[in-house]
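# Provided below for reference: sequence and predicted model.
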Amino acid sequence: MKSILKSLAKLSLAATLAGVFAHSAATAEPLEIGLLTPSPLADVGWSKALADGLDKVKAKHGDKVKINLVENIQEGPDAERIMNKMVGDGNKFLVLGSFGYMNGGLKLAKRNPNLSFVHASGYKVAKNFSPFTAKYFEGAYLMGMAAAELTKTKKLGVVSAFAIPELISTINGFALGARSIDPEITVDVVWINSWFDPAKARDSAKALIAGGSDVLFSNAQDTPSVVSVAEEAGVYVYNLNSSMKEYAPKKYLGVVKTDWAPFFMASVEAHLAGKFKGQNQWLGMKEDTVVVEDWSSDISADMMAKIKATEAAIASGEKHVYDGPLVNQEGKEVVAAGKRLVDGAILGMNWHVQGVNSPLPK
Amino acid sequence: MHIKFERRIEYSKKVLLAVPVITIGLSILVSSILLTILGKSVPLTMYSFFIAPFENFYSITEIFLKFGPLLLIAQALAVGFRAKVWNIGAEGQMIMGAVAASAVPVYLVESTSIFLLPAMLALGALGGMGWAAIAAFLRTRFNANEILVTLMLTSIALQILYYLLLGPWKDPMGFNFPQSVMFQDEALFTPLFQGTRLNTSIIIPILFTIAVWIFMEKRFGGFKLEVGGLAPNAATYAGFSAKGAVWSSLLLAGFAAGLAGMSEVAGPIAQLQRSITSGYGYSAIIVAYLGALHPLGIIFAAFFLAVIQIGGDVALVSADVPISAVHVFQGLLLVFYLATYTFVNYRLRIHRPGVLQSAKVSS
């Protein structure tokens, strides 16, 4: 017995060493790309969309790149050490999948000028550190048009993560789209202050339905909770990032999908060519990042034609969601007719348009 | 045949020493089985857990960065646990310490005064103590169970933190993100080594450990505290205060946890944000017990837990082990500790009916 144990111990030691050597040998060859996400890499949602984007990079570049995924990391002091370890393990291109990784990631970027970083939802830029954000409001506007046709109560409900400009501007886009069809429509918002809290998301969705909303929007929720509650209750629903149709086969309005592949591809290729340059990346329909699909068949052909025309106008830049006249919740005109809200004001948006009932959390 | 636990007349020293070894051994064994089921490499994971944290200097400084708050809080909790005051809300006291300390740099954004850090230390300690005092008051005045009160106060502390970050303390230039301004250098501890996060705050847990050790082992005060918790009536007869045991246990824990929270926001985080505790308030409970509630034992336990937490991060990145595996491992430690610790005071007696009968006959 003792000798068996001994040989087992030897074997495991050998395996350990082999593993370690194999690991360090492998780092010399391909470009290692590390992805850090705040929620589990489930079948759907934000983290999944990021991983999908990198999959396409892998598909194109094959053995030249290697993707390392580290999922479900809380946005706190430990994240910085984990990023550090990822760099230490040989990752040369990092995708930081949440705004809370910003300060730690930026420190790391400054210490490692030869590495490239892309960072989701943030606002700080460095030579080798690019924040990236999607213009979700472009897709949400189209969803608002569809919702306006299908709602009977004229009340739309949103379960939303954090009151950051990215999400606020998305809700405003939704409200503007709906009210472009029917100005009587109003929007209720519940802020749950979490990207991933299935129980809270469920409860909030139920509360919105009880309050009369008959189209729901799951805003930046990395769980299909809101979507499945809507299906059970028989109200329409849509979400961001990746399709959750399988959770609401009957009542799925569609998805405002993010396809990060074009952006990741360009960034990785820039890094490989030694030409990566940190800059604010704000990506929408024009860049093929925001893609709306899986449209519900309950939408009439007339409305669908209208939506498609608007989509083309937004993608070409002929129309902008934040074209005036824009009126805020207090009824004050913010942008006059014929004017367009400047980019900076959308990136830092901290007010709701008229028609959104709920105040912003203060 | 039936099995019975029999109380030992005197606790077994041999078992007491064996407890940590058996605990760690069983935890490794069970998590190895779980890892195998998950299809992960056990040797690589164990290597990541226990050896990789020592592989480079940065990683070693990170161990001590975690060691500090774990040691600080666990020492204070152990004093309370020995007096049978079950404060499991160190997490909340830590949050309130961090919040109170952050008031200084949040309101004095422009200040470069050398008094920023001392003021934050004082407010951090007071914040933690103030939060713990609520539980002490409710316990001594209304006999409210401090386990429930401290635990629930943690949820309230978290909500206060979230409120401040979404509202009055939000960085005005931070695009509505729920976090405060970055603190100025004068409001931060100085790093001990260039490029690391380990800073001068490490001195606090060390001084605190020495103080607790002297108090508990060498002074009459420690004895009074224990009697007050163990036998309130006896304490009253002897002229010690049972209420005093509750108050001093909780205030001590609040003091330590508050300082730990302050050291986090004035250290590696450098701002107030939503997650600041890294779960130290809960992990410290495991540390206190794993260290057998003894000041010296706690030093080793805190170091051990710091290593496996850093090791857990390594395993996550290098061995592709999910973060929950780290939490399971910590949970196993506590469960096996409690299970094996029973044998310090009890022994297992197996009664076989046959044996008993023959014994009767012979008598």
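Now that the structure is in, tell me what you want to look at.

# burial measure for residue A:354, as a count.
19 (other CB atoms under 10 Å in any protein chain shown). For every residue, glycine as well, the C-beta is placed using N, CA and C.

# what residues are up against it?
Counting by CB atoms under 8 Å, 6 or more residues apart in numbering or on different chains, residue A:354 makes contact with A:179, A:327-329, A:331.

# With distance to residue B:118 and neighbour count as extra columns, can I get those in TSV?
Rendered in TSV, the data for the contacts of residue A:354 read as follows (distance: CB to CB, whole Å; neighbours: other CB atoms under 10 Å in any protein chain shown):
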residue	distance to residue B:118	neighbour count
A:179	55	21
A:327	51	14
A:328	45	15
A:329	45	15
A:331	50	7
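
# so of those residues, which ones are in strands?
Mapping those onto strands (DSSP state E) picks out residue A:327.

# Pull the number of nearby residues for the residue of chain B found nearest chain A.
Per CB to the nearest CB, residue B:275 is where chain B lies closest to chain A, at 3.3 Å. By other CB under 10 Å, 17 other residues sit near residue B:275.

# ok, it to residue B:161 distance?
In this view, residue B:275 and residue B:161 are 9 Å apart by CB to CB, to the nearest Å.

# Equivalent analysis for residue A:79, please.
Distance, residue A:79 to residue B:161, using CB to CB: 18 Å.

# Out of the contacts of residue A:354, which comes closest to residue A:300?
Nearest to residue A:300 out of the contacts of residue A:354 is residue A:179 (CB to CB; 18.6 Å).

# quick one, what contacts that closest one?
A:144, A:148, A:185, A:354-355.

# Next one: it, what pLDDT does it get?
On pLDDT, residue A:179 comes in at 97.

# what are the phi and psi values for the closest residue to chain B within chain A?
Minimum separation of chain A from chain B (CB to the nearest CB) falls at residue A:76, amounting to 3.3 Å. Main-chain torsions, residue A:76, degrees, to the nearest 10: phi -150, psi -160.

# Can you tell me the element the residue lying closest to residue A:268 once chain neighbours are set aside falls in?
Of all residues not flanking residue A:268 in the chain, residue A:57 sits nearest, at 5.4 Å (CB to CB, 6 or more residues apart in numbering or on different chains). For residue A:57, the host element (DSSP states H and E) is helix A:46-61.

# Which residue ranges make up the domains of chain B?
Using automatic domain parsing, the domain parsing of chain B gives B:1-40+B:321-363, B:70-317.

# Kindly report the same for chain A.
Split by automatic domain parsing, chain A gives A:16-134+A:260-283, A:136-257+A:292-347.

# List the contacts of residue 186.
Just going to use chain A. Counting by CB under 8 Å, 6+ apart, residue A:186 has contacts A:154-156, A:355-357.

# sorry, should have said chain B
By CB under 8 Å, 6+ apart, the neighbours of residue B:186 are B:111-114, B:116-117.

# filter the residues you listed to the buried ones?
B:116-117 (16 or more other CB atoms under 10 Å in any protein chain shown).

# returning to that earlier point: my guess is the residue nearest to residue A:268 contacts residue A:64. True?
No: contact criterion CB atoms under 8 Å: residue A:57 and residue A:64 do not qualify, at 9.7 Å.

# And the strands in chain A?
Under DSSP E, chain A gives strands at A:31-36, A:65-70, A:91-96, A:116-120, A:129-134, A:155-160, A:186-191, A:215-219, A:236-241, A:252-258, A:281-283, A:290-293, A:326-327, A:333-335.

# what residues does the first one touch?
In this case it means strand A:31-36. A:50-51, A:54, A:57, A:61, A:64-70, A:73, A:79, A:82-83, A:86-87, A:89-98, A:101, A:268, A:271-272.

# ok, of the residues you listed, which come out buried?
Members of the contacts of strand A:31-36 classed as buried by 16+ other CB under 10 Å are A:50-51, A:54, A:57, A:61, A:65-70, A:73, A:79, A:82-83, A:86-87, A:89-98, A:101, A:268, A:271-272.

# ok, back up a step: with residue A:162 as the reference, measure out to the residue of chain B closest to chain A.
As judged by CB to CB, residue B:275 and residue A:162 stand 13 Å apart.

# Next: residue A:331.
The gap separating residue A:331 from residue A:162 is 26 Å, by CB to CB.

# Then residue B:72?
Taking CB to CB, one finds residue B:72 at 32 Å from residue A:162.

# between the two, who's got more neighbours?
Using other CB under 10 Å, the more surrounded residue of residue B:72 and residue A:162 is residue B:72, with 31 against 23.

# Surely the more buried one and residue B:259 touch.
Yes: contact criterion CB under 8 Å: residue B:72 and residue B:259 qualify, at 6.4 Å.

# So for those two, which residues contact both of them?
With CB under 8 Å, 6+ apart as the test, residue B:72 and residue B:259 both reach B:204, B:208.

# Kindly report the residues of the stretch 251-363 of chain B close to chain A.
Contact residues, the stretch 251-363 of chain B versus chain A (CB under 8 Å from any CB of the partner chain): B:264, B:268-271, B:273-276, B:278, B:310, B:313-314, B:316-318, B:322-324.
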